[in-house]
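J.: I'd like to go over a predicted model; first the sequence, then the structure.
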Amino acid sequence: MRKLFLKLALSIFGLLSAQNPDYSKSIDDVMHHLEQNNAFSGSVLLQKNGKTIYKGEFNKQGSHLDKYRIGSITEVFTAIIIFQLIEEGRLTLETTLDQYYPTIKNADKITIAYLLGHMSGIYNYAEWEEYYTSKNRKFTKKEMLNLIGQHKSDFKPGQDRSYSNANYLLLGYIIEDCTKKSYSENIAIRVVNRIGLQHTYCETEDKEYGKRNASYLYNGEKRLKEIDTHPSFTFSAGAIVSTTEDLSKLIEELLNGRLVSEKSLAQMKRTNQKGIGYGILKTPIYDKVGYGHFGSIDEFQSFIGYFPSEGLSISVLSNASNVKINDVVLSIASKYFDKPYQQADFTTYKSHTASLTKVYTGVYRATLIGFIDVGAFEIREAANNYLFLNIYADGKEGQKILLERKGVNKFYARKNNAEFDFIVNKKGEVTGMKVTQNKQSMNCKKVM
């Protein structure tokens, strides 16, 4: 169930046009459109050959700082350090996990390469059912290893590729074991100080939260502050804080061979059909080959991409967004390359005869192809004719997905590109819904 609703694309495709000579104003226009519709709060930076050609600050929330949690972009930093250790002879791509953490299932068959490329099959602990009710507390290393170890593997090592935060959590622990220094020290010594990043660091404690932006969830009326995930939970898979300038410098320095060797960089860039490499992703925009990464944590979203043939980097950091980061990046690239782009329509359906949103609230159980049970979730009221989908069905607080009203009984989850068509019987009672996402549909029965 979670996988269906949280699915995000990793690539952006199209056809290239000439660069727009007035791209700055065009990008401003599209970003202000998002900002004015409460769809984006954050920072945008475009650099060409290391020089800033566009910078936009659209963060109207909280402290207005330019530092953000970058989520899974942290993995780029982790992979860089792993390849540095390989170059130093402390590790190899064939080193197996059992040399460090033998209690992990299939540890003797899981290599460093499998961890880097998400081919280990290790359970993704970010899908833990207690995550949203526990994410603000501090976790010990032992607790994290137990959390990973108590769940079954998703597949045999090397048989598939599926994203799992556990891969990079374990790589962070291995970095500490190899160097006898903390992960945060390694980030500072091996990456931050080496290339002169000014505002990048790895969070370790909740007392550091005030140094950067908080994140916020829009409820249809206002933005509500989101609870922070403790950095001990995300660690080397998602605990780094940075700025658009620092991320642009990082990706340019990396892809120009100033952080790892030419051989290591070639291995990092070796991607599969899903665009997943060793620490970086293939991020094509139109016909331009690019490399970078996406990230998300709490209500933060992030993107960094570098396009060598253009000498162009695009960096986007957000602390409140009701659209996919992919769509934000595509809108920016479209304006830069002078491609047609249809702005999102944020109009919500309003009618004095339409049912109040309260009638849709309750618990729904989802089935695929009519009979495969994929879990239950709760629909709650939000503000101003909006709904929330809460991923838990037992009253627990979980991740909330905002649903915009688009018709009499139709709602839309913009960030997940999912349509919700509620089913109403002749008595006016809501009995279920049909959910459609990426041409895949499932039926949901209202059970409470």
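T.: Cool, the structure landed.

J.: Might you report the residue contacts of residue 84?
T.: 190, 259-260, 264 (CB atoms under 8 Å, 6 or more residues apart in numbering). Placement of C-beta: from N, CA and C, glycine included.

J.: Oh, that last question was meant for residue 66, not what I typed.
T.: 43, 57, 59, 199, 243-244 are the contacts of residue 66 under CB under 8 Å, 6+ apart.

J.: Between those, which sits nearest residue 405?
T.: residue 59 (27.5 Å; CB to CB).

J.: check contacts around the closest one.
T.: 41-43, 65-66, 213, 319.

J.: rerun at 7 Å
T.: Listed by CB atoms under 7 Å, 6 or more residues apart in numbering, the contact partners of residue 59 are 41-43, 213, 319.

J.: sorry, back to before: can you put the contacts of residue 84 in JSON lines and add distance to residue 205?
T.: JSON lines is the format used below for the contacts of residue 84 (distance: CB to CB, whole Å):
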{"residue": "190", "distance to residue 205": "21"}
{"residue": "259", "distance to residue 205": "27"}
{"residue": "260", "distance to residue 205": "30"}
{"residue": "264", "distance to residue 205": "32"}
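
J.: between those, which is nearest residue 23?
T.: residue 259 (29.3 Å).

J.: got a pLDDT number for that closest one?
T.: pLDDT, residue 259: 98.

J.: Just to check, it is in contact with residue 252?
T.: No: using CB atoms under 7 Å, residue 259 is not in contact with residue 252; the gap is 10.2 Å.

J.: what about the two, which has more around it?
T.: Neighbour totals were compared for residue 259 and residue 252, and residue 259 leads with 23 against 20 (other CB atoms under 10 Å).

J.: give me the element that one is part of.
T.: Counting by DSSP states H and E, no helix or strand carries residue 259.

J.: give me the low-pLDDT residue ranges for the stretch 1-150 of the chain?
T.: The stretch 1-150 of the chain contains residues with pLDDT under 70 at 1-20, 62-64.

J.: ok, which stretches of it are helices?
T.: With DSSP state H, counting those that start in this stretch as the criterion, the stretch 1-150 of the chain has helices at 2-6, 23-36, 74-87, 112-116, 131-134, 141-149.

J.: Dump those into a markdown table; add distance to residue 385 as well.
T.: Shown next, in a markdown table, are these (distance: least, CB to CB, whole Å):
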| stretch | distance to residue 385 |
| --- | --- |
| helix 2-6 | 21 |
| helix 23-36 | 18 |
| helix 74-87 | 37 |
| helix 112-116 | 46 |
| helix 131-134 | 25 |
| helix 141-149 | 39 |
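
J.: Please indicate which of the contacts of residue 59 has the highest neighbour count?
T.: In the contacts of residue 59, the most neighbours by other CB under 10 Å go to residue 42, 29 neighbours.

J.: Just give me the neighbour total for the nearest residue to that residue once chain neighbours are set aside.
T.: Nearest residue to residue 42, sequence neighbours excluded (CB to CB, 6 or more residues apart in numbering): residue 318, at 3.4 Å. When neighbours are defined as other CB under 10 Å, residue 318 has 27 of them.

J.: Identify the residue nearest residue 38 in space, chain neighbours excluded?
T.: Excluding the flanking residues, the one nearest residue 38 by CB to CB, 6+ apart is residue 218, at 5.1 Å.

J.: how much space between the one you found and residue 398?
T.: 17 Å (CB to CB, to the nearest Å).

J.: do residue 75 as well
T.: On the measure of CB to CB, residue 75 and residue 398 end up 24 Å apart.

J.: who has more neighbours, these two?
T.: Each of residue 75 and residue 398 has its neighbours counted (other CB under 10 Å); residue 75 has more, 28 against 20.

J.: That one contacts residue 168, correct?
T.: Yes: using CB under 7 Å, residue 75 makes contact with residue 168 at a distance of 4.8 Å.

J.: show me what contacts residue 55?
T.: residue 45.

J.: That one pairs with what?
T.: With DSSP bridges as the criterion, residue 55 is bridged to residue 45.

J.: Show me where the stretch 301-448 of the chain has its strands.
T.: Taking DSSP state E, counting those that start in this stretch to define them, one finds strands in the stretch 301-448 of the chain at 312-321, 362-368, 372-381, 387-390, 400-405, 410-413, 418-424, 430-437, 440-446.

J.: Please identify which of those strands is closest to residue 164.
T.: strand 372-381 (19.1 Å).

J.: And the closest one, what's buried?
T.: For strand 372-381, burial by neighbour count (16 or more other CB atoms under 10 Å) applies to 375-379.

J.: and what of stretch 26-39?
T.: Neighbour count says stretch 26-39 has 26-27, 30-31, 34-35, 37-39 buried, by 16+ other CB under 10 Å.

J.: Same question for stretch 266-285.
T.: 267-269, 271, 276-285.

J.: Need the CA coordinates for that stretch. CSV is fine.
T.: The C-alpha coordinates for stretch 266-285 follow below in CSV (Å, rounded to 0.1, in the frame of the first residue of the first chain):
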residue,chain,number,x,y,z
ALA,A,266,32.8,5.4,-13.9
GLN,A,267,31.6,2.7,-11.5
MET,A,268,29.3,5.2,-9.7
LYS,A,269,27.8,6.2,-13.1
ARG,A,270,27.1,2.7,-14.2
THR,A,271,23.3,2.6,-14.0
ASN,A,272,20.7,0.0,-14.6
GLN,A,273,17.4,0.3,-16.6
LYS,A,274,15.9,2.0,-13.6
GLY,A,275,18.6,4.7,-13.6
ILE,A,276,20.1,3.5,-10.3
GLY,A,277,23.9,3.7,-10.1
TYR,A,278,26.3,3.4,-7.2
GLY,A,279,25.3,6.4,-5.1
ILE,A,280,24.0,8.5,-8.0
LEU,A,281,21.1,8.3,-10.3
LYS,A,282,20.8,9.0,-14.0
THR,A,283,18.6,12.1,-14.2
PRO,A,284,18.1,12.9,-17.9
ILE,A,285,16.3,16.1,-18.8
